[in-house]
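Engineer: this is the structure alone, sequence omitted:
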């Protein structure tokens, strides 16, 4: 039997009210609801919590895990104001609100790409609630790239950034879920994905609309996340002094941190051989082992 289906998550709707606007955050709750939360896992830009269901569910026999849909993604219903947006402080503060909604001992925070960086930012603000971090190819630019991406000038040249252009061109509406599955299977960023993971992504990645099925993460919001790089993950790593384990992709990584970053002895960086940025979708074993090691 599929272990992920043996331990299916519960769906929660958690009220969120902060300076970025209130509403509800959709959260998958894996494991025994009577035990404190062990782990909070956040997804990458453009995806949703259900995408990682087959990774997280087998851990539910030992751990309680919360996997939220970040603002503008999946089934979460929170405002997505883009005018003047410069950083991921909205995602950071939403995660802090989620921690506050589940009081208890410190938890492991983990995440992929944007979800990893947002978890780092949240941990730096609330180190009392976070025991350690496990980040999978988080968005952490280095050197001159870090300086340029954190300046307002980035918006003036955003139309030239390949990731931004690709996000804005994404097809936003499909006639059916089957059509979306056929369009994505084995292509582009989805190349090499198991059908189970792709179907899970589409489960909450598409929303029924009058004209068919629309992406639940609007292309404009996905692009806004790529452009809004005014936060400072390096400062967050200096502020949060507990263990930070980073697993980065072998090729195409957006984690520009050396194996032994100077002045950050609590940060360990490992390269996962023969992988790209979306390796959690194709190397569930690596992700699952790292989460289990941290949380148990």
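Structural biologist: Done, it's in. Remember, it's a predicted structure, so these values are computed and weren't measured experimentally.
Engineer: can you read off the pLDDT for residue 154?
Structural biologist: In this prediction, residue 154 carries a pLDDT score of 66.
Engineer: which parts of this protein are strands?
Structural biologist: Using DSSP state E, the strands found in the chain span residues 10-16, 23-30, 39-42, 65-68, 107-112, 130-136, 173-174, 206-209, 212-215, 244-249, 267-272.
Engineer: check which helices and strands the fifth one sits against.
Structural biologist: If I follow you right, that is strand 107-112. strand 39-42, helix 114-125, strand 130-136, helix 284-295 (3 or more CB pairs under 8 Å, 6 or more residues apart in numbering; DSSP states H and E). No exception for glycine: its C-beta is placed from N, CA and C like everyone else's.
Engineer: which of the ones you listed sits closest to residue 174?
Structural biologist: helix 114-125 (23.7 Å; CB to CB).
Engineer: chain center to the closest one, what's the gap?
Structural biologist: What separates the centre of helix 114-125 from the centre of its chain is 10 Å, taken as CA atoms, centre = their mean, to the nearest Å.
Engineer: so which elements touch that helix?
Structural biologist: Checking 3+ CB pairs under 8 Å, 6+ apart, helix 114-125 ends up next to strand 39-42, helix 89-101, strand 107-112, strand 130-136, helix 233-239.
Engineer: and residue 281, which of these is closest to it?
Structural biologist: strand 107-112 (8.8 Å).
Engineer: got the buried residues for stretch 75-89?
Structural biologist: Neighbour-count burial for stretch 75-89 flags 75, 76, 78, 80, 85, 88, 89 (criterion: 16 or more other CB atoms under 10 Å).
Engineer: show me the contact partners of that stretch.
Structural biologist: By CB atoms under 8 Å, 6 or more residues apart in numbering, the list of residues contacting stretch 75-89 from outside reads 11, 16, 20-26, 48, 68-72, 94, 114, 117-118, 121, 152, 204, 216, 218, 220-221, 224-225, 228-231.
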